[in-house]
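>>> I need the structure of the sequence given here:
(chains A and B)
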Amino acid sequence: MERMQQVVERARAAFKSGRCRSLEFRMQQLKALERMVQEREKEILAAVKADLHKGGYNAYSHEILGVLGELAQAMEKLPSWAAPQPVKRNLLTMRDEAYICPEPLGVVLIIGAWNYPFVLVMQPLVGAIAAGNAVVVKPSEISEHTAQLVADLLPQYLDRELYPVVTGGVPETTELLTQRFDHILYTGNSAVGKIVMAAAAKHLTPVTLELGGKSPCYIDKDCDLAVACRRITWGKYMNCGQTCIAPDYILCDPSIQSKVVENIKATLQEFYGEDVKSSPDYERIINKRHFKRILGLLQGQKIAHGGEADEATCFIAPTILTDVSPESKVMEEEIFGPVLPILAVKSVDEAIEFINRREKPLALYVFSNNKKLIKRVISETSSGGVTGNDVIMHFFLSTLPFGGVGNSGMGAYHGKHSFETFSHRRACLIKDLKMESTNRLRYPPGSQKKVDW
Amino acid sequence: NPYVGLVNHLRATWLSGRTRPLEYRVAQLEALGRFLDEKKPEILEATAMDMGKPSFEAYFTEILLCKNELNDTLNNLCHWMKDEHVCKNLVTQLDSAFIRKDPYGVVLIIAPWNYPIHLLLVPLIGAIAAGNCVVIKPSEIAKNTERLVAEMLSCYLDNDCFAVVTAGVQETTRLLENKFDYIFFTGTSRSPSVGRIVMTAAAKHLTPVTLELGGKNPCYVSDSCDVQNVARRVAWGRFFNAGQTCIAPDYVLCSLEMQEKLMPALRAAITEFFGSNPRESPDFGRIVGDKQFRRIRALLCSGRVAIGGQTDEKERYIAPTVLADVLPCDPAMQEEILGPILPIVVVANMDEAIDFINARPQPLVVYAFSYDSKVVKQVLEQTSSGGFCGNDTLMHVMLTSLPFGGIGNSGLGKYHGKFTFDTFTHHRGCLHRSMGLEAINALRYPPYSQQKLGLLNTTFEIKRKGMCTIL
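Numbering: from 1, shown residues only, chains lettered A, B, ... in the order given. Have a look, this model is predicted:
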């Protein structure tokens, strides 16, 4: 296990050499990363397909498009993001230089997740490099093909000492977490999030935890159900439900429950055809363990649609459950699978109360033609982020900080927020050595006259 | 757990939404202002009893600076609370995209003893401004101020939302077992380890934290400077509050020549400030407790005492002291001094000073003095610290537009001014779309095709220029 210490020490020595301070160097690395994504696209898509049975076009839009966008933005904005930012001065500091200087933190650790195995490692990496840090990258071992690919590709394009990739499972990650980092960004579940933060506490390392939760989706009676259900279906079943911001469950009035089911069924047909299993656009569950876990959630539930499964291929059909009880197992944990429970609530008040009784989710969704109602739901609940009248989409706007709150996480990233997460904003005040007379006010001996002035 | 009832009560009030409206927050903040105005004599008296804090200093840091923060917040709160609209991309052009400023809920503020009102009130101002309920834990080491806060602050604030808890180490440990939605901790001596304890407790509940810790703040004095002005500014920063300041210049790095020049200048400054017998000056404080007094006194056997060195255990008085020729292995260089002792460590040149600083944990602040702005800039660029002040001490924290916080062992997070409000706020990304224009969405739905991908590329991808369109 000495390996981890060596890797981190080497990265720290490389950081201390100062070569990643210059903007030119960072740009060069970002450009190389861009080249990597463009040149090796086929291999990246193949790895993602091997891990998640994700079709080419789907994989491209989920895993590649976003990364290229972040890279383009970082390269364009880096000079302005990294520039010292002058601040408003007061009477006493009028003649001084006062500014905030963004500085790299040092050696940061990025721990990726298996559900979007490439983008969840790459997107933070872009921000960390742009901010001038050395970065230890630890892709999830569960998405083993992508992990191996990242470990193979990164050293071919980036500075090997500054941006090492570490592979391995729980023992290796535990060992890694005993090292000192200057920031840790972890994407995963709350249970492990606590372990990461406890490990970080030993070194007083700041953390960004992108966790999960049960993202509720409230459908108001007054809304275009066909449109709402199409959007929900897209967000719920993409990546076979294995999305941290997927609408986890639906809350709606019992009177529209069957219409909701109908609409979702119709949309599923539209998206995946008669035989979902043979659609190239429908993914699979990542492994047997999760397959069994998700199937277990169906026990005792009223299956309005779907429920078919095939263990050999880790296939679970898009499934809808109705009249679900809040106490059932499927409502205890984040589903992270293609199972959509619908729970009845009689009013938006009940929905808000229901949501607030539970842990704060990563995302919250509300569908309604009534703008006031949407505003009310947002104002009376708490969540990492919100999309009204759609799902997932707030993730794609990089000017919005993406992160959780409470059990769903802390900190945020995307776009400039990534740069800020991985930077130290150092306050700088540079005064004149002369002009001592103005200082006399503050020096002892104190006097009432001075106080009054 | 003895505090479960209290925390639950605050959480119930929080869930009722009482702290959300601007008017409510303004009313509570104005009440804090009245507390500072009406209880000024009591505050001055309590801090004088706790650590002999000179009334000028007490007024300056505990009242004036707090009122500055309060007024800055009251002047700008309405604006800070507003939804912050963000630039949109092509796909979201017709949507409403904004960052909502949500309070966290029930937050905990733990304050230290050295600026017992200031370091409690300034975070509290931000926490209230951000719409939270707050459990306030003043330091048990500054006993008189603790009593004042416990007895009087609660008369000004809404007790269903803001509660003062008096607690020693054991009780604080139990307090930390509860779930809070944010923890703001300021600590002094030996603070890295207490900071770790707080963050470990926070990790159990996934509670975000701000830790304002400490460190040994180096003060580099180059050969090219106005020695008398430097001496005055460094002496002021070092001996303020009898040295019990987390941002005080902890030690000086300079050449042998400069040490020779600085000594008489420092002596002159100390006499100017405190007279020939600082013990009789009303403007020089005392050490807060016996334990701290003994700890600091033990540091005197470092280098040689060039100025001061007198102590009186009964009064907890330690004279403004300057130690010359201090070595890195000396006791005064092993821990944050937090007392009126200024060690001078001789280095050959600026590069050696920078290496010396970088070989040690990142401090809360780095100071550099020079006529030559290139020297100041170089020290700034080649070191890492929470903040930096060139050619003066302490002053960078008086500007509310500069973030105040540490890095590495000196802490995480930042506050002052709007940064306090932001610390206690969850920045929630919100996208409010319309139900119409479903045709555009069709691009993202299966079944997928090459054609769709091409179009998707065009609409989603951030282009190199002109990403932000202002509607």
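
>>> what's the neighbour count on B:Arg295?
By other C-beta atoms under 10 Å in any protein chain shown, 18 other residues sit near B:Arg295. All C-beta atoms are positioned from the backbone trio N, CA, C, and that covers glycine.

>>> Could you verify that it is part of a helix?
Yes. B:Arg295 forms part of a helix when assessed by DSSP: H, G, I helix; E, B strand; the rest coil.

>>> any idea of the pLDDT on it?
B:Arg295 carries a pLDDT value of 96.

>>> Show the model's pLDDT score for residue 151.
As the question left the chain open, I've gone with chain A. 98.

>>> look at chain B instead
Residue-level pLDDT assigned to B:Glu151 equals 96.

>>> how close does it sit to chain A?
Counting by C-beta to the nearest C-beta, to the nearest Å, the gap from B:Glu151 to chain A is 26 Å.

>>> Give me the below-cutoff pLDDT ranges for the chain.
Reading this off chain A. Scanning chain A for pLDDT under 70 picks out the ranges A:1-2, A:447-453.

>>> Not quite, go with chain B.
B:188-192, B:459-471.

>>> Taking it, what residue is nearest to chain A?
B:Phe56 (2.7 Å; C-beta to the nearest C-beta).

>>> Where does that residue sit, in terms of helix or strand?
helix B:55-57 (DSSP states H and E).

>>> just how off-centre is that helix within its chain?
20 Å (C-alpha atoms, centre = their mean, to the nearest Å).

>>> That one: what's the following helix or strand?
The C-terminal neighbour of helix B:55-57 among helices and strands, as given by DSSP H and E, is helix B:65-81.

>>> In contact with the spatially closest residue to A:His394 that is not a sequence neighbour, which residues?
Take A:His394 and drop its neighbours on the chain: the residue closest to it by C-beta to C-beta, 6 or more residues apart in numbering or on different chains is B:Leu431, 4.0 Å away. With contact set as C-beta atoms under 8 Å, 6 or more residues apart in numbering or on different chains, B:Leu431 has these partners: A:385-388, A:390, A:393-394, A:397, A:400, B:92, B:95-97.

>>> same thing but at 10 Å, please
A:385-390, A:392-397, A:400, B:86, B:88, B:92, B:95-98 (C-beta atoms under 10 Å, 6 or more residues apart in numbering or on different chains).

>>> Tell me which entries of those lie within helices.
Residues of the contacts of B:Leu431 located in helices (DSSP state H): none.

>>> hmm, back to that, helices or strands next to the helix holding B:Phe56 in the packing?
Here helix B:55-57 touches helix A:448-452, helix B:40-51, going by 3 or more C-beta pairs under 10 Å, 6 or more residues apart in numbering or on different chains; DSSP states H and E.

>>> wait, which of these is closest to A:Thr167?
helix B:40-51 (54.5 Å; C-beta to C-beta).

>>> distance between the helix or strand hosting B:Glu352 and the chain's centre?
Assigned by DSSP H and E, B:Glu352 belongs to helix B:350-358. Here helix B:350-358 is found 25 Å from its chain centre; the criterion is C-alpha atoms, centre = their mean.

>>> I would like the residues contacting it, please.
A:16, B:216-223, B:251-255, B:328, B:345-347, B:363, B:366, B:368, B:370, B:372, B:375, B:378-379, B:381-385.

>>> buried ones in it?
Buried residues in helix B:350-358, counted by 16 or more other C-beta atoms under 10 Å in any protein chain shown: B:350, B:353-354, B:356-357.

>>> With just CA atoms, put the helix or strand following it into PDB.
Next helix or strand after helix B:350-358 toward the C-terminus (DSSP H and E): strand B:365-369. Output in PDB follows, covering the C-alpha atoms of strand B:365-369 (Å, rounded to 0.1, in the frame of the first residue of the first chain):
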ATOM      1  CA  VAL B 365      -1.900  35.400   7.000                       C
ATOM      2  CA  VAL B 366       1.500  36.200   5.500                       C
ATOM      3  CA  TYR B 367       2.900  39.700   6.100                       C
ATOM      4  CA  ALA B 368       5.700  41.300   4.000                       C
ATOM      5  CA  PHE B 369       7.200  44.800   4.500                       C
END
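
>>> Please enumerate residues in contact with the following helix or strand past strand B:365-369?
Using DSSP H and E, the helix or strand that follows strand B:365-369 in sequence is helix B:373-382. In this structure, residues lying in contact with helix B:373-382 by C-beta under 10 Å, 6+ apart are A:18, A:21, A:97, A:101, A:103, A:426, A:428, A:430-433, B:218, B:220, B:222-225, B:253, B:350-351, B:353-355, B:357-358, B:366-370, B:372, B:388-391.

>>> Would you check the distance separating helix B:373-382 from the middle of the chain?
The answer for helix B:373-382 is 24 Å, by C-alpha atoms, centre = their mean.

>>> and that helix, which residues are buried?
B:375-380, B:382.

>>> Neighbouring strands of the next helix or strand after it in the sheet, and parallel or not?
Per DSSP H and E, the first helix or strand lying C-terminal to helix B:373-382 is strand B:387-390. Within its sheet, strand B:387-390 is paired with strand A:423-430 (parallel), strand B:365-369 (parallel), according to DSSP bridges.

>>> Out of those strands, which is the most enclosed?
strand B:365-369 (a mean of 29; mean count of other C-beta atoms under 10 Å in any protein chain shown).

>>> Just the angle for it relative to helix B:350-358, thanks.
Strand B:365-369 runs at 170 degrees relative to helix B:350-358, counting by axes from the mean of the first three to the mean of the last three C-alpha atoms, to 10 degrees.

>>> And the contacts of stretch A:169-179?
A:1-5, A:7-9, A:11-12, A:107, A:109, A:111, A:136, A:138, A:140-142, A:144, A:147, A:166-168, A:184, A:186, A:192, A:195-196, A:198-200, A:202-203, A:205.

>>> show me the contacts for residue 186.
I went with chain A, as the question did not name one. A:109-113, A:124, A:138, A:173, A:177, A:192-193, A:195-197, A:199-200, A:207-211, A:409, A:411.

>>> The chain in question should be chain B.
By C-beta under 10 Å, 6+ apart, the contact list for B:Thr186 reads B:109-112, B:114-115, B:118-120, B:122-123, B:139, B:195, B:210-214, B:246, B:411, B:415.

>>> Just give the number of residues close to the residue nearest to B:Gly215 when sequence neighbours are not counted.
Computed as C-beta to C-beta, 6+ apart, the closest residue to B:Gly215 that is not its neighbour in sequence is B:Pro363, at 3.7 Å. Using other C-beta under 10 Å, B:Pro363 is surrounded by 28 other residues.

>>> separation between B:Pro363 and B:Gly52?
26 Å (C-beta to C-beta, to the nearest Å).

>>> now B:Ser276
From B:Ser276 to B:Gly52 the distance is 19 Å (C-beta to C-beta).

>>> which one of the two has more residues nearby?
Remark: of B:Ser276 and B:Gly52, B:Gly52 carries more neighbours, 19 against 8, as counted by other C-beta under 10 Å.

>>> in a helix, that's where B:Glu335 is, yeah?
No. With three-state DSSP as the criterion, B:Glu335 is assigned coil and is not in a helix.
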